[in-house]
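>>> Please find the sequence and the predicted model below.
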Amino acid sequence: MTDALPYDTHRLCELAGEIIVNVRELSALGWTPATSSNFSRRLDDRHAAITVSGRDKGKLREADIMVVDFDGRAVGSDHRPSAETLLHTQLYRRFPGIGCVLHTHSQVQTVASRLYAGAGHVHLEGYELLKAFSGNTTHETELDLPVLPNTQDMPSLAAQVDALLDRGDMWGYLIDGHGLYAWGRDMADARRHLEAFEFLLGCELELRKLGCA
Ligand SMILES: CSC[C@@H](O)[C@@H](O)C(=O)COP(=O)(O)O
Ligand SMILES: [Zn+2]
């Protein structure tokens, strides 16, 4: 007989199914090349469901989703969780309202991260799509999407993110030469934010190509 797991396994199945369907769509857009990217959902107030490290995100199955605690330790699984687990769990630990974290490596996100790394942020202003971010009711607003230096030292990167989170109104950040993190209340919310960032970054890159930004 095995010990009971400290989380709701039925809920885990539901969340795994949701992650699989959504990530397949993101992958079909070319946003998860070469096994990159990672995805998670809050399971309860101590656990998250997250992708196993190194899996092809376009071909996820239920066995590719595992559980971690908010210190990033595997719970009830021998698999290795995403190498970037701490960047997910730090958000769940700090903000009870966050229920989903999505990380992708699209070309637009990666190119934008390189171009704006020096400035430390991408300034987004004057776009109708800024209303896609929770709490915004008008295009007459602005948003600075932070760009952090890349590192494989996750505790150090998580500490830098934590300092930025003090400002409160943040729905994502870029990592230089790497990709985008975005989050929200639930999958739909996080996806809307992710897609809005992708679209707005694409506009900024296009404007630069045209010599307008
Ligand atoms: C395949 S290179 C990309 C990885 O180094 C990493 O940035 C990434 O997004 C996926 O890592 P993973 O450990 O599979 O969650
Ligand atoms: Zn990554």
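Right, received. Where do you want to start? Ligands and ions are numbered 1, 2, ... in the order given.
>>> Trp183 belongs to a strand?
Yes. Under DSSP: H, G, I helix; E, B strand; the rest coil, Trp183 sits within a strand.
>>> What about the residue nearest to Ser82 when sequence neighbours are not counted, how many residues nearby?
The shortest distance from Ser82 to any non-neighbouring residue, by CB to CB, 6 or more residues apart in numbering, is to Asn38 (3.9 Å). All C-beta atoms are positioned from the backbone trio N, CA, C, and that covers glycine. With neighbours defined by other CB atoms under 10 Å, the count for Asn38 comes to 27.
>>> please renumber so the chain begins at 3
In the new numbering, first residue 3, that becomes Asn40.
>>> Now tell me what touches the top helix by length along the chain from outside.
When the chain is parsed with DSSP state H, its longest helix is helix 189-211. Helix 189-211 has contacts (CB atoms under 8 Å, 6 or more residues apart in numbering) with 20-21, 24, 28, 33, 43, 101-104, 106, 108, 110-111, 113-114, 117, 124, 126, 129, 131-132, 134-136, 147, 173-174, 182, 184-186, 215.
>>> Go through those residues and flag which are in helices.
Glu20, Ile21, Asn24, Leu28, Val110, Gln111, Val113, Ala114, Leu117.
>>> For the residue most central in space within the chain, list the residues it contacts.
Nearest to the mean C-alpha position of the chain, by CA atoms, centre = their mean, lies Leu104 at 2.7 Å. Residues in contact with Leu104, defined by CB under 8 Å, 6+ apart, are Leu28, Phe41, Tyr183, Ala184, Trp185, Ala192, Arg193, Leu196.
>>> How confident was the prediction at it?
If you check Leu104, the pLDDT there is 99.
>>> try Gly181
Reading off the model, Gly181 has pLDDT 98.
>>> Kindly report the same for the one 10 residues further on.
Each residue has a pLDDT score; the one for Asp191 is 98.
>>> separation between it and Ala184?
Distance of Asp191 to Ala184, given as CB to CB, to the nearest Å: 10 Å.
>>> The two: who's more crowded?
Ala184 (27 against 20).
>>> Would you confirm that the more buried one contacts Trp173?
Yes. Taking CB atoms under 8 Å as the definition, Ala184 is a contact partner of Trp173 at 6.1 Å.
>>> re earlier: how about the residue nearest to Ser84, what does it touch?
Listed by CB under 8 Å, 6+ apart, the contact set of Asn40 reads Ile52, Thr53, Ser55, Lys59, Ser84, Ala85, Glu86, Thr87, His90, His105.
>>> what are the bridge partners for it, then?
For Asn40, the beta-bridge partners under DSSP bridges are His105.
>>> residues from this structure in reach of ligand 1?
Counting by CB under 6 Å from any ligand atom, the chain comes close to ligand 1 at Ala36, Thr37, Ser38, Ser39, Asn40, Thr53, Ser55, Gly56, Ser84, Ala85, Glu86, His105.
>>> ok, so of those residues, who is nearest Met156?
Nearest to Met156 among the residues of the chain next to ligand 1: Glu86, at 6.3 Å, using CB to CB.
>>> List the ones among the residues of the chain next to ligand 1 that fall in strands.
Asn40, Thr53, His105 (DSSP state E).
>>> out of those, who's nearest ligand 1?
Asn40 (3.5 Å; CB to the nearest ligand atom).
>>> What score does the closest one have for pLDDT?
99.
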